[in-house]
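Participant: have a look; sequence and predicted model below, questions after that.
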Amino acid sequence: MSALMQAVGIDIGGTKMAVAAVDGQGCVRARLTLPTEAEQGFTRALDRLGAAINQALDACGWSAASLCGIGIGCAGPVDPVGGLINNPYTLSGWDRCDIVTPLRQRFGIPVFLENDADAALLGECFAGAGKACDPVVMLTFGTGVGGAAFVRGGLYRGVNGEHPELGHVPVENTGPACYCGRAGCLESIASGTAIGAAGQAAGYADAREVFRAAKAGQPAARSIVQRALEATASATWTILHALLPQRIILGGGIIEEHYDQFAGAVSGSIAAASMVPRGRVSVARADLGNDAGLLGGASMAFQRSREDHGR
Ligand SMILES: [Zn+2]
(Lines give C-alpha, C1' and ligand atoms only; values in the text may rest on other atoms or scores of the structure.)
Protein backbone atom coordinates (compact mmCIF):
# COMPACT_ATOMS: atom_id res chain seq x y z
CA MET A 1 0.00 0.00 0.00
CA SER A 2 1.24 3.49 -0.73
CA ALA A 3 2.44 6.00 1.83
CA LEU A 4 0.31 8.45 -0.17
CA MET A 5 -2.88 6.73 1.01
CA GLN A 6 -4.28 8.48 4.06
CA ALA A 7 -6.84 7.60 6.71
CA VAL A 8 -7.87 8.50 10.24
CA GLY A 9 -8.06 5.80 12.91
CA ILE A 10 -9.96 6.32 16.18
CA ASP A 11 -9.83 4.21 19.34
CA ILE A 12 -12.55 4.79 21.95
CA GLY A 13 -12.15 3.27 25.41
CA GLY A 14 -13.88 3.80 28.74
CA THR A 15 -11.39 6.43 29.90
CA LYS A 16 -9.49 7.64 26.82
CA MET A 17 -10.05 8.29 23.14
CA ALA A 18 -7.19 8.43 20.63
CA VAL A 19 -7.22 9.88 17.11
CA ALA A 20 -4.43 9.26 14.60
CA ALA A 21 -3.59 10.23 11.03
CA VAL A 22 -2.21 7.04 9.45
CA ASP A 23 -0.59 6.49 6.06
CA GLY A 24 -0.99 3.45 3.81
CA GLN A 25 2.17 1.85 5.15
CA GLY A 26 0.85 1.87 8.69
CA CYS A 27 2.87 4.84 9.99
CA VAL A 28 1.14 7.10 12.50
CA ARG A 29 1.82 10.65 11.23
CA ALA A 30 -0.05 12.50 14.00
CA ARG A 31 -1.77 11.39 17.18
CA LEU A 32 -3.99 13.00 19.83
CA THR A 33 -5.30 11.51 23.06
CA LEU A 34 -8.27 12.97 24.93
CA PRO A 35 -10.35 11.85 27.92
CA THR A 36 -13.57 10.05 26.91
CA GLU A 37 -15.73 11.71 29.58
CA ALA A 38 -18.62 9.49 28.52
CA GLU A 39 -20.80 10.83 31.32
CA GLN A 40 -20.74 14.30 29.71
CA GLY A 41 -22.82 12.83 26.90
CA PHE A 42 -22.25 11.29 23.50
CA THR A 43 -22.86 14.50 21.51
CA ARG A 44 -20.17 16.34 23.39
CA ALA A 45 -17.67 13.53 22.86
CA LEU A 46 -18.56 13.51 19.17
CA ASP A 47 -17.84 17.26 18.90
CA ARG A 48 -14.48 16.82 20.64
CA LEU A 49 -13.61 13.90 18.34
CA GLY A 50 -14.44 16.03 15.29
CA ALA A 51 -12.14 18.79 16.53
CA ALA A 52 -9.38 16.25 17.24
CA ILE A 53 -9.67 14.85 13.71
CA ASN A 54 -9.18 18.36 12.30
CA GLN A 55 -6.18 18.91 14.57
CA ALA A 56 -4.58 15.61 13.50
CA LEU A 57 -5.09 16.48 9.82
CA ASP A 58 -3.66 19.98 10.33
CA ALA A 59 -0.61 18.53 12.10
CA CYS A 60 0.42 16.58 8.99
CA GLY A 61 -0.91 18.95 6.34
CA TRP A 62 -3.68 16.60 5.18
CA SER A 63 -7.28 17.48 4.33
CA ALA A 64 -10.45 15.46 4.93
CA ALA A 65 -11.00 15.27 1.16
CA SER A 66 -7.71 13.38 0.74
CA LEU A 67 -8.67 10.62 3.21
CA CYS A 68 -9.81 7.12 2.22
CA GLY A 69 -12.04 7.32 5.27
CA ILE A 70 -12.28 7.20 9.05
CA GLY A 71 -12.28 3.88 10.95
CA ILE A 72 -13.29 3.56 14.60
CA GLY A 73 -12.57 0.80 17.10
CA CYS A 74 -14.79 1.20 20.18
CA ALA A 75 -15.19 -0.71 23.44
CA GLY A 76 -18.12 -3.02 22.65
CA PRO A 77 -20.85 -3.94 22.26
CA VAL A 78 -21.20 -2.07 18.99
CA ASP A 79 -23.39 -2.67 15.94
CA PRO A 80 -20.94 -2.45 13.02
CA VAL A 81 -23.68 -2.75 10.40
CA GLY A 82 -25.84 0.05 11.83
CA GLY A 83 -22.82 2.12 12.95
CA LEU A 84 -24.14 2.21 16.51
CA ILE A 85 -22.31 2.19 19.84
CA ASN A 86 -24.38 0.17 22.33
CA ASN A 87 -22.21 0.33 25.39
CA PRO A 88 -23.89 1.81 28.45
CA TYR A 89 -21.70 -0.57 30.54
CA THR A 90 -18.34 1.16 30.18
CA LEU A 91 -19.50 4.27 28.25
CA SER A 92 -22.11 5.67 30.57
CA GLY A 93 -25.32 6.61 28.68
CA TRP A 94 -24.02 5.61 25.22
CA ASP A 95 -26.92 3.44 24.20
CA ARG A 96 -27.64 3.07 20.46
CA CYS A 97 -25.53 6.11 19.60
CA ASP A 98 -24.92 6.61 15.88
CA ILE A 99 -21.30 7.69 15.45
CA VAL A 100 -20.98 6.89 11.74
CA THR A 101 -23.63 9.19 10.20
CA PRO A 102 -22.59 12.47 11.88
CA LEU A 103 -18.87 11.97 11.12
CA ARG A 104 -19.65 10.98 7.53
CA GLN A 105 -21.77 14.11 7.12
CA ARG A 106 -19.23 16.39 8.75
CA PHE A 107 -16.18 15.15 6.77
CA GLY A 108 -17.87 13.87 3.59
CA ILE A 109 -15.99 10.54 3.55
CA PRO A 110 -16.76 6.90 4.45
CA VAL A 111 -16.78 6.05 8.18
CA PHE A 112 -16.50 2.54 9.66
CA LEU A 113 -17.11 1.14 13.15
CA GLU A 114 -15.99 -2.12 14.79
CA ASN A 115 -15.60 -3.25 18.38
CA ASP A 116 -12.15 -2.81 19.89
CA ALA A 117 -11.17 -6.51 19.75
CA ASP A 118 -11.95 -6.68 16.04
CA ALA A 119 -10.19 -3.37 15.37
CA ALA A 120 -7.09 -4.61 17.22
CA LEU A 121 -6.96 -7.76 15.09
CA LEU A 122 -7.35 -5.69 11.90
CA GLY A 123 -4.46 -3.50 13.10
CA GLU A 124 -2.22 -6.50 13.81
CA CYS A 125 -3.01 -7.97 10.38
CA PHE A 126 -2.34 -4.60 8.68
CA ALA A 127 0.91 -3.66 10.39
CA GLY A 128 1.74 -6.04 13.24
CA ALA A 129 2.00 -9.68 14.27
CA GLY A 130 -0.52 -10.88 11.67
CA LYS A 131 0.99 -9.14 8.66
CA ALA A 132 1.05 -11.39 5.57
CA CYS A 133 -0.88 -14.14 7.43
CA ASP A 134 -4.42 -15.32 6.64
CA PRO A 135 -6.45 -16.73 8.34
CA VAL A 136 -5.49 -15.27 11.73
CA VAL A 137 -7.11 -15.76 15.14
CA MET A 138 -6.42 -13.38 18.02
CA LEU A 139 -7.10 -14.21 21.66
CA THR A 140 -6.95 -11.39 24.19
CA PHE A 141 -6.42 -12.30 27.84
CA GLY A 142 -7.38 -9.46 30.15
CA THR A 143 -10.31 -8.94 32.50
CA GLY A 144 -12.13 -11.38 30.21
CA VAL A 145 -10.96 -13.46 27.26
CA GLY A 146 -11.83 -11.97 23.89
CA GLY A 147 -11.41 -13.42 20.45
CA ALA A 148 -11.57 -12.37 16.83
CA ALA A 149 -10.86 -14.03 13.50
CA PHE A 150 -9.47 -12.61 10.25
CA VAL A 151 -10.36 -14.63 7.15
CA ARG A 152 -9.78 -13.86 3.45
CA GLY A 153 -8.58 -10.34 4.07
CA GLY A 154 -11.32 -9.25 6.46
CA LEU A 155 -13.03 -9.96 9.74
CA TYR A 156 -14.92 -13.20 10.12
CA ARG A 157 -18.50 -12.23 10.91
CA GLY A 158 -21.24 -14.32 12.34
CA VAL A 159 -24.97 -13.69 12.25
CA ASN A 160 -25.95 -10.02 12.56
CA GLY A 161 -22.39 -9.02 11.64
CA GLU A 162 -21.16 -9.97 15.09
CA HIS A 163 -17.80 -11.44 15.99
CA PRO A 164 -17.25 -14.94 17.36
CA GLU A 165 -17.07 -15.41 21.14
CA LEU A 166 -13.93 -17.50 21.41
CA GLY A 167 -13.66 -16.85 25.16
CA HIS A 168 -16.67 -19.13 25.57
CA VAL A 169 -15.17 -22.21 23.96
CA PRO A 170 -15.83 -24.96 26.56
CA VAL A 171 -12.71 -26.54 28.02
CA GLU A 172 -13.94 -28.33 31.16
CA ASN A 173 -17.26 -30.07 31.62
CA THR A 174 -17.45 -29.24 35.30
CA GLY A 175 -15.55 -25.95 35.58
CA PRO A 176 -16.62 -22.67 37.17
CA ALA A 177 -20.03 -21.32 36.09
CA CYS A 178 -19.82 -18.70 33.35
CA TYR A 179 -22.19 -15.77 32.82
CA CYS A 180 -22.84 -17.05 29.27
CA GLY A 181 -24.89 -19.92 30.72
CA ARG A 182 -22.36 -22.74 30.53
CA ALA A 183 -19.69 -23.92 32.95
CA GLY A 184 -15.99 -24.41 32.23
CA CYS A 185 -15.52 -21.88 29.39
CA LEU A 186 -12.01 -20.66 28.60
CA GLU A 187 -12.93 -17.24 30.04
CA SER A 188 -14.22 -18.75 33.29
CA ILE A 189 -10.80 -20.34 33.94
CA ALA A 190 -8.11 -18.29 32.16
CA SER A 191 -9.28 -14.66 32.36
CA GLY A 192 -7.76 -12.24 34.84
CA THR A 193 -11.10 -12.22 36.67
CA ALA A 194 -11.19 -16.03 36.89
CA ILE A 195 -7.56 -16.37 37.99
CA GLY A 196 -8.13 -13.62 40.57
CA ALA A 197 -11.26 -15.32 41.94
CA ALA A 198 -9.57 -18.73 42.17
CA GLY A 199 -6.63 -16.99 43.84
CA GLN A 200 -8.82 -15.27 46.43
CA ALA A 201 -10.35 -18.62 47.37
CA ALA A 202 -6.78 -19.83 48.02
CA GLY A 203 -5.78 -16.74 50.02
CA TYR A 204 -4.14 -14.57 47.32
CA ALA A 205 -5.09 -10.92 46.82
CA ASP A 206 -5.47 -10.94 43.02
CA ALA A 207 -4.37 -12.51 39.73
CA ARG A 208 -1.05 -10.69 39.78
CA GLU A 209 -0.21 -12.23 43.15
CA VAL A 210 -1.23 -15.68 41.90
CA PHE A 211 1.27 -15.44 39.02
CA ARG A 212 3.97 -14.16 41.37
CA ALA A 213 3.39 -16.99 43.89
CA ALA A 214 3.28 -19.59 41.10
CA LYS A 215 6.65 -18.39 39.88
CA ALA A 216 7.96 -18.75 43.43
CA GLY A 217 6.78 -22.36 43.41
CA GLN A 218 3.77 -22.17 45.74
CA PRO A 219 1.64 -25.26 44.93
CA ALA A 220 -1.85 -23.62 45.22
CA ALA A 221 -0.88 -20.78 42.90
CA ARG A 222 0.89 -23.11 40.50
CA SER A 223 -2.20 -25.25 40.13
CA ILE A 224 -4.37 -22.19 39.34
CA VAL A 225 -1.95 -21.04 36.63
CA GLN A 226 -1.54 -24.59 35.34
CA ARG A 227 -5.32 -24.91 35.01
CA ALA A 228 -5.47 -21.65 33.02
CA LEU A 229 -2.70 -22.89 30.72
CA GLU A 230 -4.44 -26.25 30.21
CA ALA A 231 -7.66 -24.38 29.43
CA THR A 232 -5.77 -22.31 26.86
CA ALA A 233 -4.27 -25.46 25.32
CA SER A 234 -7.72 -27.10 25.10
CA ALA A 235 -9.35 -24.02 23.58
CA THR A 236 -6.48 -23.80 21.08
CA TRP A 237 -7.15 -27.41 20.06
CA THR A 238 -10.78 -26.54 19.25
CA ILE A 239 -9.89 -23.29 17.46
CA LEU A 240 -7.15 -25.01 15.44
CA HIS A 241 -9.46 -27.71 14.16
CA ALA A 242 -12.47 -25.44 13.63
CA LEU A 243 -10.68 -22.61 11.80
CA LEU A 244 -7.19 -23.83 10.78
CA PRO A 245 -5.57 -20.43 11.25
CA GLN A 246 -2.13 -19.73 9.85
CA ARG A 247 -1.32 -17.74 12.97
CA ILE A 248 -2.70 -17.36 16.49
CA ILE A 249 -1.90 -13.97 18.03
CA LEU A 250 -1.99 -13.58 21.81
CA GLY A 251 -2.61 -10.15 23.33
CA GLY A 252 -3.97 -8.40 26.43
CA GLY A 253 -2.67 -7.43 29.86
CA ILE A 254 -1.97 -10.99 31.06
CA ILE A 255 0.00 -11.78 27.91
CA GLU A 256 2.16 -8.68 28.30
CA GLU A 257 3.68 -10.25 31.39
CA HIS A 258 3.21 -13.98 30.81
CA TYR A 259 3.45 -14.48 27.05
CA ASP A 260 5.97 -17.32 27.21
CA GLN A 261 3.75 -19.52 29.39
CA PHE A 262 0.59 -19.00 27.31
CA ALA A 263 2.46 -19.29 24.00
CA GLY A 264 3.92 -22.57 25.31
CA ALA A 265 0.38 -23.89 25.91
CA VAL A 266 -0.72 -22.84 22.40
CA SER A 267 2.45 -24.27 20.78
CA GLY A 268 1.97 -27.56 22.59
CA SER A 269 -1.47 -27.99 21.03
CA ILE A 270 -0.20 -26.98 17.59
CA ALA A 271 2.65 -29.52 17.81
CA ALA A 272 0.33 -32.32 18.97
CA ALA A 273 -2.38 -31.76 16.33
CA SER A 274 -1.82 -34.43 13.68
CA MET A 275 -4.73 -33.20 11.51
CA VAL A 276 -3.22 -29.72 11.20
CA PRO A 277 -0.61 -29.10 8.44
CA ARG A 278 2.77 -29.55 10.10
CA GLY A 279 4.90 -26.44 10.40
CA ARG A 280 2.23 -24.17 8.86
CA VAL A 281 0.60 -22.78 12.02
CA SER A 282 2.40 -20.41 14.37
CA VAL A 283 1.79 -18.41 17.53
CA ALA A 284 2.93 -14.80 17.98
CA ARG A 285 2.66 -12.02 20.50
CA ALA A 286 0.56 -8.97 19.61
CA ASP A 287 3.08 -6.27 18.84
CA LEU A 288 1.20 -2.99 18.30
CA GLY A 289 0.18 -2.37 21.92
CA ASN A 290 -2.09 0.67 22.24
CA ASP A 291 -1.75 1.47 18.53
CA ALA A 292 -3.54 -1.69 17.39
CA GLY A 293 -7.02 -0.12 17.45
CA LEU A 294 -5.90 3.07 15.71
CA LEU A 295 -4.12 1.17 12.93
CA GLY A 296 -7.04 -1.23 12.67
CA GLY A 297 -9.40 1.70 12.27
CA ALA A 298 -7.28 3.14 9.48
CA SER A 299 -7.04 -0.28 7.81
CA MET A 300 -10.87 -0.44 7.55
CA ALA A 301 -10.76 2.69 5.41
CA PHE A 302 -7.88 1.40 3.26
CA GLN A 303 -9.62 -1.94 2.76
CA ARG A 304 -12.81 -0.28 1.51
CA SER A 305 -10.83 1.98 -0.76
CA ARG A 306 -9.03 -1.04 -2.29
CA GLU A 307 -12.36 -2.80 -2.82
CA ASP A 308 -13.84 0.29 -4.48
CA HIS A 309 -10.87 0.46 -6.83
CA GLY A 310 -10.96 -3.27 -7.56
CA ARG A 311 -7.54 -3.95 -6.06
ZN1 LIG B 1 -18.89 -18.66 28.92
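Facilitator: Looks like it came in fine. Numbering: from 1, shown residues only.
Participant: contacts, neighbours, all on C-alpha from now
Facilitator: OK.
Participant: now stretch 201-209: buried residues?
Facilitator: 204, 206-209 (16 or more other CA atoms under 10 Å).
Participant: closest to Leu229 out of those?
Facilitator: Nearest to Leu229 among those, counting by CA to CA, is Ala207 at 13.8 Å.
Participant: for the closest one, which non-adjacent residue is closest in space?
Facilitator: Gly196 (4.0 Å; CA to CA, 6 or more residues apart in numbering).
Participant: so that neighbour, which state does it fall into?
Facilitator: Here Gly196 is helix, with the state taken from DSSP: H, G, I helix; E, B strand; the rest coil.
Participant: tell me the two of the buried residues of stretch 201-209 that are most distant?
Facilitator: Tyr204 and Arg208, at 9.0 Å, using CA to CA across those.
Participant: shared neighbours of these two, which are they?
Facilitator: Common neighbours of Tyr204 and Arg208 (criterion: CA atoms under 8 Å, 6 or more residues apart in numbering): Gly196.
Participant: can you get me a residue count around the residue lying closest to Met5 once chain neighbours are set aside?
Facilitator: Leaving out its chain neighbours, the residue that sits closest to Met5 by CA to CA, 6+ apart is Gly24, at 4.7 Å. Using other CA atoms under 10 Å, Gly24 has 21 neighbouring residues.
Participant: which residues of the stretch 51-200 of the chain lie near the ion?
Facilitator: 168, 178, 180, 185 (CA under 5 Å from the ion).
Participant: quick one: the second one from Glu172, how far?
Facilitator: When distances are taken as CA to CA, to the nearest Å, Cys178 and Glu172 turn out to be 11 Å apart.
Participant: what touches both of the two?
Facilitator: Common neighbours of Cys178 and Glu172 (criterion: CA under 8 Å, 6+ apart): 184-185.
Participant: now do the helix or strand hosting Ile10: which elements does it pack against?
Facilitator: Using DSSP states H and E, the element containing Ile10 is strand 6-12. Under the contact definition 3 or more CA pairs under 8 Å, 6 or more residues apart in numbering; DSSP states H and E, strand 6-12 sits against strand 16-23, strand 70-74, helix 292-308.
Participant: ok, 10 Å please
Facilitator: Contacts defined by 3 or more CA pairs under 10 Å, 6 or more residues apart in numbering; DSSP states H and E place strand 6-12 against strand 16-23, strand 28-35, helix 42-59, strand 70-74, strand 111-115, helix 116-127, helix 292-308.
Participant: list the contacts of Val281.
Facilitator: Residues near Val281 by CA atoms under 10 Å, 6 or more residues apart in numbering: 133, 135-136, 240, 244-248, 267, 270-271.
Participant: what's the closest of these to the ion?
Facilitator: Taking CA to the ion as the measure, the ion sits nearest to Leu240 out of the contacts of Val281, at 19.0 Å.
Participant: is the ion contacted by the host helix or strand of that closest one?
Facilitator: Taking DSSP H and E as the criterion, Leu240 maps to helix 219-243. No - on the criterion CA under 5 Å from the ion, helix 219-243 is out of touch with the ion, staying 12.2 Å away.
Participant: I'd like the average pLDDT over that helix.
Facilitator: Mean pLDDT, computed over helix 219-243, is 98.
Participant: that helix: which residues count as buried?
Facilitator: So helix 219-243, judged by 16+ other CA under 10 Å, has buried residues 220-222, 224-226, 228-240.
Participant: what's it packed up against?
Facilitator: Short answer (3+ CA pairs under 10 Å, 6+ apart): helix 219-243 packs on strand 136-141, helix 187-190, helix 192-201, helix 207-215, strand 247-251, helix 253-272.
Participant: let's have the ones you listed in TSV, adding mean pLDDT.
Facilitator: Formatted as TSV, the helices and strands packed on helix 219-243 follow (pLDDT from 0 to 100):
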stretch	mean pLDDT
strand 136-141	96
helix 187-190	96
helix 192-201	96
helix 207-215	97
strand 247-251	97
helix 253-272	97
